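Undergrad: Predicted structure and sequence below. I'll ask about it afterward.
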Amino acid sequence: MTQDQLISDYMNTGRIADLPTSHFIGGQSVPAANGKTMLSHDPGTATAFSEFARGNDQDIDHAITSACAGFEVWRSTPPAERCAVLNEAARLMRSQSHQLALVESIDSGKTLAEASGDIAGSARLLEYYAGASDKLDGRSVNLGNDNAAFTVREPVGVTAHIIPWNYPTSTLVRGIAPALAAGCSAVVKPAETTPFTALMIAELLVRAGLPPDVVNVVTGTGPEAGAPLVQDPRVQHVTFTGSVATGVGVMQQVAPNVTGLTLELGGKSPLIAFADADIDAVVEGAFWAIFSNAGQICSAGSRLVIHRDIHAEVRDRLIAKAQGMTIGHGLRNPDMGAVNSDRHLTQIDGHVERARSCGVDIVCGGHSLTDPETGLGWFYAPTILDDVAADNDAVLKEIFGPVLTIQVFDDEDEALTLANGTEFALAAGIYSRDISTALRMARRVDAGQVTVNDYWAGGIELPFGGNRKSGFGREKGIEGLDAYLRSKAITVAV
Ligand code: NAD
């Protein structure tokens, strides 16, 4: 079926044909051991559209046993064959992108265009790490004539991947693609509100030639399925993407086994605009930095830190642009889709209401919405909070919705203090026509990635990750392989 046919089929029936709804273990669809299921909702209509398996420790045990067997096969597979499998998976992902994007859009609430971009980026991730699979060389070390010494890089073993709901496909693939390139196997626990694309991708990998036990997916809740996965001593590395609170819990859960851990947590990233900045670029950059994916991006530019001289003009242009946004069901491709769940909508609204009660100036939005065509769904208006004090919770806490706070500065040191003034340190944008100012700030701001005169510059080739409460470890880029490889030193007496 074409994408238009798939959309009209869904619109008419409220169901998606051929959706996988069981766990994927050992290359098979496997129902929950206890037979339990749970529902997934379309955030654009606030209506349940499918059941899926509600996994528990028995399912996780089954999946890890499978991944242990898969590891033995995959670690012995020649690197050039791993490369071929990942490249074939990228090809299949592109050929199936219209179905994957449709499911991702319905399950998460994001627009079809955003979902399609996520699938295309994920295919690129597979190709990028396919290219790395056969280049994971060690080095030879000169210890003098009495020894031959060298290092080899070995896969760590079974890896666990805990996925959030805002980028279900991209987060999954940025974890499993380098793990597979390295020769590891994987057990994946998708978020409870967005389980389906992980199941589709696991099945697609087997069609691409991956041995069936290597990637396993167990759906369900964090406490019932995520916790037993990260606690299992057979797991050698956990890659967790999600909230700070859950990440701290995972850190405690993996400690007894001394399991390796990558934490990709929250953010409150500043976009810093100096008085000499290109105003058009600041408006465009700040707008999409916060309103892409309805603000549900860990690295969203959720704080505009702006020089007093250009504050009023940029603010007024952002308000006009935000008020002109189209909002609605993701499949109609508006500027902004729904937020992921009823619970999350309530949390966003709670943050904004607390700011209102502190007297913060809400110059745009500040309320929930429904789809203008149907009156249904979980939507939040694009919202701007102006001239917010540095100690206000709206500035300090991650809202994870389409809510921008503006902070005003008079000089560079004050800009830096404001930019570094939260417990997060994930991303930053700097806008200035003065290259020295921009580079000085790029070095002084605490963030894992900094973009100058643009917000979303860079791609999968660059490392991504945060400092402080934004987590530790890096995904994407060549650095993304490090978590899945260990170095072994071998010395031979001559
Ligand atoms: P969350 O922490 O509620 O859930 C994330 C995942 O953890 C889900 O799959 C959940 O089921 C699982 N989980 C919950 N309890 C668990 C437990 N005890 N053991 C193991 N797993 C458990 O986060 P969320 O609400 O799904 O995602 C939003 C958060 O994720 C935001 O804070 C956002 O900034 C962050 N995030 C970060 C990045 C990044 O790369 N830094 C990317 C996307 C999202």
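TA: Here it is on my side, so go on.

Undergrad: how about stretch 455-464, does it reach the ligand?
TA: No: figure legend: stretch 455-464 not in contact with the ligand (C-beta under 6 Å from any ligand atom); closest approach 6.6 Å. The way it works is simple: take the backbone N, C-alpha and C, and place the C-beta from them, glycine included.

Undergrad: Now the element after the strand or helix carrying Met11, going C-ward?
TA: In the assignment (DSSP states H and E), Met11 maps to helix 3-13. Using DSSP H and E, the helix or strand that directly follows helix 3-13 along the chain is strand 23-25.

Undergrad: Pull the distance from the following helix or strand past that following strand to the chain's centre.
TA: As assigned by DSSP H and E, the chain's next helix or strand after strand 23-25 is strand 28-30. Remark: strand 28-30 is offset 26 Å from the chain centroid, using C-alpha atoms, centre = their mean, to the nearest Å.

Undergrad: who's in contact with whichever helix or strand comes after strand 28-30?
TA: For strand 28-30, the following helix or strand on the C-terminal side (DSSP H and E) is strand 37-42. With contacts defined as C-beta atoms under 8 Å, 6 or more residues apart in numbering, strand 37-42 is touched by 14, 21, 47-54, 106-107, 109, 192-196, 220-221, 341, 377.

Undergrad: ok, of these, which come out buried?
TA: Taking 16 or more other C-beta atoms under 10 Å as the criterion, what is buried in those is 21, 49-50, 52-54, 106-107, 109, 192-196, 220, 341, 377.

Undergrad: quick one: which of the contacts of strand 37-42 sit in strands?
TA: Thr47, Ala48, Phe49, Ser50, Glu51, Phe52, Ala53 (DSSP state E).

Undergrad: Reformat those residues as CSV; add distance to the ligand and pLDDT.
TA: Formatted as CSV, the ones in strands among the contacts of strand 37-42 follow (distance: C-beta to the nearest ligand atom, whole Å; pLDDT from 0 to 100):
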residue, distance to the ligand, pLDDT
Thr47, 21, 97
Ala48, 18, 97
Phe49, 19, 97
Ser50, 18, 97
Glu51, 17, 97
Phe52, 13, 98
Ala53, 14, 98
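
Undergrad: Pull the most distant pair out of those residues.
TA: With C-beta to C-beta as the measure, no two of the ones in strands among the contacts of strand 37-42 lie farther apart than Thr47 and Ala53, at 20.3 Å.

Undergrad: I'd assumed Thr370 was in contact with Leu345.
TA: No: using C-beta atoms under 8 Å, Leu345 is not in contact with Thr370; the gap is 10.6 Å.

Undergrad: if I look at those two, which residues touch both of them?
TA: Phe379.

Undergrad: In terms of neighbours, single out the busier of the two.
TA: When neighbours are counted by other C-beta atoms under 10 Å, Leu345 and Thr370 differ, and Leu345 comes out ahead with 23 against 17.

Undergrad: list the contacts for that one?
TA: Residues near Leu345 by C-beta under 8 Å, 6+ apart: Val339, Ser368, Trp378, Phe379, Tyr380.

Undergrad: nearest residue to it other than its sequence neighbours?
TA: Trp378 (4.5 Å; C-beta to C-beta, 6 or more residues apart in numbering).

Undergrad: So which elements touch the helix holding Met11?
TA: Packing partners of helix 3-13 (3 or more C-beta pairs under 8 Å, 6 or more residues apart in numbering; DSSP states H and E): helix 97-108.

Undergrad: what does the stretch 201-350 of the chain put close to the ligand?
TA: 221-223, 226-227, 230, 241-243, 246, 249-250, 264-267, 298.

Undergrad: Give me the neighbour count for Lys488.
TA: 11.

Undergrad: can you confirm it is in a strand?
TA: Yes: under DSSP: H, G, I helix; E, B strand; the rest coil, Lys488 sits within a strand.

Undergrad: does the closest residue in space to it that isn't next to it in sequence count as helix, strand or coil?
TA: If the residues on either side of it in the chain are set aside, Lys488 comes closest to Val152, at 5.1 Å by C-beta to C-beta, 6+ apart. Secondary structure state of Val152, per three-state DSSP, is strand.

Undergrad: mind listing what Val152 touches?
TA: So Val152 contacts Gly138, Ser487, Lys488, Ile490 (C-beta under 8 Å, 6+ apart).

Undergrad: Could you do Leu439 as well?
TA: Contacts here follow C-beta under 8 Å, 6+ apart; on that basis Leu439 touches Val452.

Undergrad: switch to 10 Å and redo it
TA: Ile430, Ser432, Val450, Val452 (C-beta atoms under 10 Å, 6 or more residues apart in numbering).

Undergrad: what secondary structure does the first one sit in?
TA: Classification of Ile430 into helix, strand or coil gives strand, according to three-state DSSP.

Undergrad: Can you dump the C-alpha atoms of stretch 201-218 in PDB for me?
TA: Listed in PDB are the C-alpha atoms of stretch 201-218, where the atom choice follows Å, rounded to 0.1, in the frame of the first residue of the first chain:
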ATOM      1  CA  ILE A 201      12.800  -2.800  13.200                       C
ATOM      2  CA  ALA A 202      13.800  -6.000  15.100                       C
ATOM      3  CA  GLU A 203      11.900  -8.000  12.500                       C
ATOM      4  CA  LEU A 204      13.400  -6.000   9.600                       C
ATOM      5  CA  LEU A 205      16.900  -6.700  11.000                       C
ATOM      6  CA  VAL A 206      16.300 -10.500  10.800                       C
ATOM      7  CA  ARG A 207      15.000 -10.100   7.200                       C
ATOM      8  CA  ALA A 208      18.300  -8.200   6.500                       C
ATOM      9  CA  GLY A 209      20.200 -11.300   7.600                       C
ATOM     10  CA  LEU A 210      20.800 -10.800  11.300                       C
ATOM     11  CA  PRO A 211      20.900 -14.100  13.200                       C
ATOM     12  CA  PRO A 212      17.500 -14.400  15.000                       C
ATOM     13  CA  ASP A 213      18.700 -14.300  18.600                       C
ATOM     14  CA  VAL A 214      20.800 -11.100  18.300                       C
ATOM     15  CA  VAL A 215      18.200  -8.400  18.800                       C
ATOM     16  CA  ASN A 216      15.200  -9.000  21.100                       C
ATOM     17  CA  VAL A 217      12.400  -6.600  22.100                       C
ATOM     18  CA  VAL A 218      10.300  -6.900  25.200                       C
END
